[in-house]
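**Student:** Need a 3D model of the following:
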Amino acid sequence: MDIPDDVIEAAIRFHGHSCPGLAIGIRAAEVALRDIGRADDEDILAVVETDMCGVDAIQFLTGCTFGKGNLIHLDYGKNAFTFYRRRDGKAIRLVTRPAVMGPPPDNTVVALREKEAAGKPLSPEEKDRLQEAVDARTRYVMDAALEEIFDIQPVSTPAPKPARIMKSVPCEACGETVMESRTRRFMGQTLCIPCFNVREQRW
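**Tutor:** Below you'll find the model as predicted:
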């Protein structure tokens, strides 16, 4: 692990807790920092194909953030992360390998997860057993070689265009201002997306 322990602890505090998903993001950020660099400006861009916990680690550690426009979320439900460096066109895509979490959980842990998901209370002993399983998977991800966690491939397609500042206009239904590129036209009106969706459903 090339990221200092105190920085990892700061990433955990930023996210709120330690878990296997955050660990995946930490290790993805490790690859990005090693091969692409840190985003002190918008030269470096991350495209994430999931909204899982690891995205917080990628934001915190790489400096790619939604606010700067150099973190793009694609809602594909994949643990896949692409990092671009605009100045020289270098880019890599990381996809988690099928065995990223280590050996499958035993039947007891599976039953406890199902019980928790069903909203049934767990005993203190059951909570401890489930937390032990989570901690073991987190340690596995943090300790494994990067090549065991990810398939890492170069990317030949160009980076998405930099974020642009667009004109804002008022929605003719709610009156709230909205970026012009996100408006919709309906029955002669310029609408924000929520108001458009309401009118489309009524129509």
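**Student:** Which secondary structure state is assigned to the residue nearest to the spatial centre of the chain?
**Tutor:** Most central in the chain under C-alpha atoms, centre = their mean is V55, positioned 2.7 Å from the mean C-alpha point. Judged by DSSP: H, G, I helix; E, B strand; the rest coil, the three-state class of V55 is helix.
**Student:** Run through the bridge partners of the nearest residue to it once chain neighbours are set aside.
**Tutor:** Nearest residue to V55, sequence neighbours excluded (C-beta to C-beta, 6 or more residues apart in numbering): V48, at 5.1 Å. The way it works is simple: take the backbone N, C-alpha and C, and place the C-beta from them, glycine included. Assessed by DSSP bridges, V48 has beta-bridge partners H73, F81.
**Student:** Could you check the pLDDT of V48?
**Tutor:** Note on V48: pLDDT of 97.
**Student:** Please name the nearest non-neighbouring residue to A91.
**Tutor:** Distances taken as C-beta to C-beta, 6+ apart place V155 nearest to A91, at 3.7 Å, with adjacent residues excluded.
**Student:** What number of residues are in the vicinity of that neighbour?
**Tutor:** Close neighbours of V155, defined as other C-beta atoms under 10 Å, add up to 15.
**Student:** Backbone dihedrals for it, please?
**Tutor:** phi -120, psi 130 (degrees, to the nearest 10).
**Student:** cool, and T190?
**Tutor:** phi -100, psi 120.
**Student:** and what of A91?
**Tutor:** Phi and psi for A91, reported as degrees, to the nearest 10, are phi -150, psi 150.
**Student:** what does Y84 give?
**Tutor:** Note on Y84: backbone dihedrals following degrees, to the nearest 10 are phi -120, psi 150.
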